[in-house]
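Asker: after the sequence you'll find the predicted model.
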Amino acid sequence: MTTRRNWQPLLLILRLLGSGGLLAFLVWRANPASIWAIWRRANPRLLALAAALQVMCVFVSAFKWSVLLRANNARQPYHWLVRIYFVGQFANNFLPTSVGGDAMRVLALGRRSGNYARASASVFMERLTGFLALSAIALGAIVLTTTDRFGLRLDTSPALAWTTTGFALAGLAAAAMAFASPWLLRRYHRLLPRLTRQPLRRIAEALGEYADNPGALVIVMLLSLLFHATWIGMHVVSGMALGIDAPLLIYALMVPLTDIIGLAPIFINNVGARDLVFTVYLRQVSVPDASALALAFTAFSIRLAVSAIGGLVLLFGGATTGPVRAVEAEAIDAERGIAPGQAVAAPGLPPNEGKPSE
């Protein structure tokens, strides 16, 4: 543990140098004055529309999360999920990690419901289905732009194509293991450390419940596709605001590839990765590097501005993570068909252990 803590500051410095160095090189080559001139001509109404689409992304994601929770008999008020999702976005975009927001959502939901296993399972499945949709869009865009089906052939390096394919296959493998986790744990639980067997069993049972509800998973996948379509649309509108004339298909390729490449540990919040991908692909349709970088900065700024709402939620106490109040608990139990005062055990827990402590 001590060794890991000693390495963390160095890793952070290396990531800052990697993202910041690449970004500085691209900006220097494109000329900062040219980028500023493009920003000054931006259409404020279209930028406002792009920001609204980014807000819509959060609402879609929170709704997808609520569908997963209902499928797992862990319904929560939608307005509360929206607030917690904004808090998670704030952590993801203002902290040098992409895991902080997920950890905060698990903590908030676990403290509220008293069941950290189901909280972890819901956040994991929300992330996983989103990644599967992202990979599907990226793979489809690569196929379309390399086969010239719509008259738009782009040069995509084999490394990018294989990386995207690898991530898609990894996502499918993770989904298969998630659904098979109860069976895997029953068969191989003796290979695990004794301390981790019980927590992992609870999470595995919570994940296994999703396999019994394929209808909910179909809805969640459709919502994931809607989220990424909206996310891509935000970039399209931002490009229109900056006067960029580029085919829609190129956005469908650039944005998912950026998100996939940004998962590499050398980048922080996709900084550098986003700018490099945008300049490489927009250059192929005669868009200057300065315009491509202006688009990358604009999309990043909109995401930061919207995620800052999560900071306001935290500041004004709108993300209470304590146990459910009695009135809310009774309403949620009524929706589940549970009589008042009836104890409900979480998977693998005694009847009272799944309740939040007073």
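Answerer: Structure's in. What do you need?
Asker: helices of this structure, start to end?
Answerer: 2-30, 32-40, 44-71, 78-94, 100-113, 116-147, 158-188, 194-211, 214-241, 248-261, 273-282, 289-315, 326-336 (DSSP state H).
Asker: now the stretch 251-358 of the chain, which segments are flagged as low pLDDT?
Answerer: Residues of the stretch 251-358 of the chain that meet the criterion pLDDT under 70 lie in 264-266, 318-358.
Asker: got the buried residues for stretch 222-238?
Answerer: 223-238 (16 or more other Cβ atoms under 10 Å). Heads up, the C-betas are built off the backbone N, CA and C, glycines and all.
Asker: the helices of the chain: lowest mean pLDDT?
Answerer: Note on the helices of the chain: lowest mean pLDDT is at helix 326-336, with a mean of 41.
Asker: could you save the helices of the chain as a markdown table and add columns showing distance to residue 267?
Answerer: Formatted as a markdown table, the helices of the chain follow (distance: least, Cβ to Cβ, whole Å):
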| stretch | distance to residue 267 |
| --- | --- |
| helix 2-30 | 5 |
| helix 32-40 | 20 |
| helix 44-71 | 20 |
| helix 78-94 | 13 |
| helix 100-113 | 15 |
| helix 116-147 | 16 |
| helix 158-188 | 14 |
| helix 194-211 | 29 |
| helix 214-241 | 18 |
| helix 248-261 | 8 |
| helix 273-282 | 5 |
| helix 289-315 | 12 |
| helix 326-336 | 40 |
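Asker: and the buried residues of stretch 222-238, which two are furthest apart?
Answerer: 223 and 238 (22.7 Å; Cβ to Cβ).
Asker: surely residue 291 touches residue 242?
Answerer: Yes. Taking Cβ atoms under 8 Å as the definition, residue 291 is a contact partner of residue 242 at 6.3 Å.
Asker: common neighbours of those two, please.
Answerer: When Cβ atoms under 8 Å, 6 or more residues apart in numbering defines a contact, the residues bordering residue 291 and residue 242 alike are residue 38.
Asker: near the residue nearest to residue 174 when sequence neighbours are not counted, how many other residues are there?
Answerer: Nearest non-adjacent residue to residue 174, counting by Cβ to Cβ, 6 or more residues apart in numbering: residue 128, 5.8 Å away. When counting by other Cβ atoms under 10 Å, one arrives at 19 neighbours for residue 128.
Asker: relative to residue 276, how far out is residue 128?
Answerer: 27 Å (Cβ to Cβ, to the nearest Å).
Asker: again, but for residue 27
Answerer: Noted for residue 27: a distance of 12 Å to residue 276, by Cβ to Cβ.
Asker: again with residue 237
Answerer: 22 Å.
Asker: now swap in residue 159 and tell me
Answerer: 13 Å.
Asker: residues contacting the closest residue to residue 42 other than its chain neighbours?
Answerer: The shortest distance from residue 42 to any residue other than its chain neighbours is 5.0 Å, reached at residue 241 (Cβ to Cβ, 6+ apart). When contacts are counted by Cβ under 8 Å, 6+ apart, residue 241 touches 42-44, 46-47, 50, 298.
Asker: do the same with residue 306
Answerer: Residue 306 touches 51, 54-55, 58, 89, counting by Cβ under 8 Å, 6+ apart.
Asker: burial count for the nearest residue to residue 223 once chain neighbours are set aside?
Answerer: Spatial nearest neighbour of residue 223, excluding adjacent residues (Cβ to Cβ, 6+ apart): residue 64 at 4.1 Å. Neighbourhood size, residue 64 [other Cβ under 10 Å]: 24.
Asker: what do you get for residue 141?
Answerer: Neighbour tally, residue 141, other Cβ under 10 Å: 23.
Asker: surely the residue nearest to residue 174 touches residue 173?
Answerer: No. Look at residue 128 against residue 173 with Cβ under 8 Å: they stay out of range, at 10.6 Å.
Asker: ok, residue 277 to residue 290 distance?
Answerer: Using Cβ to Cβ, residue 277 is found at 16 Å from residue 290.
Asker: distance check, residue 126 against residue 37.
Answerer: From residue 126 to residue 37 the distance is 41 Å (Cβ to Cβ).
Asker: which one's more surrounded, those two?
Answerer: A count of neighbours by other Cβ under 10 Å puts residue 126 above the other of residue 126 and residue 37, at 24 against 12.
Asker: and the gap between that one and residue 247?
Answerer: The value you get for residue 126 to residue 247, if Cβ to Cβ is used, is 31 Å.
Asker: now swap in residue 109 and tell me
Answerer: 41 Å.
Asker: which one's more surrounded, the two?
Answerer: More neighbours surround residue 109 than the other of residue 109 and residue 247, with 25 against 14 (other Cβ under 10 Å).
Asker: once you drop chain neighbours, what's closest to the residue most central in space within the chain?
Answerer: Closest residue to the average C-alpha location of the chain: residue 127 at 5.9 Å, with Cα atoms, centre = their mean. Spatial nearest neighbour of residue 127, excluding adjacent residues (Cβ to Cβ, 6+ apart): residue 102 at 6.6 Å.
Asker: same deal with residue 308?
Answerer: residue 90 (6.6 Å).
Asker: now residue 77: phi and psi?
Answerer: Backbone geometry at residue 77, expressed as degrees, to the nearest 10, gives phi -60, psi 130.
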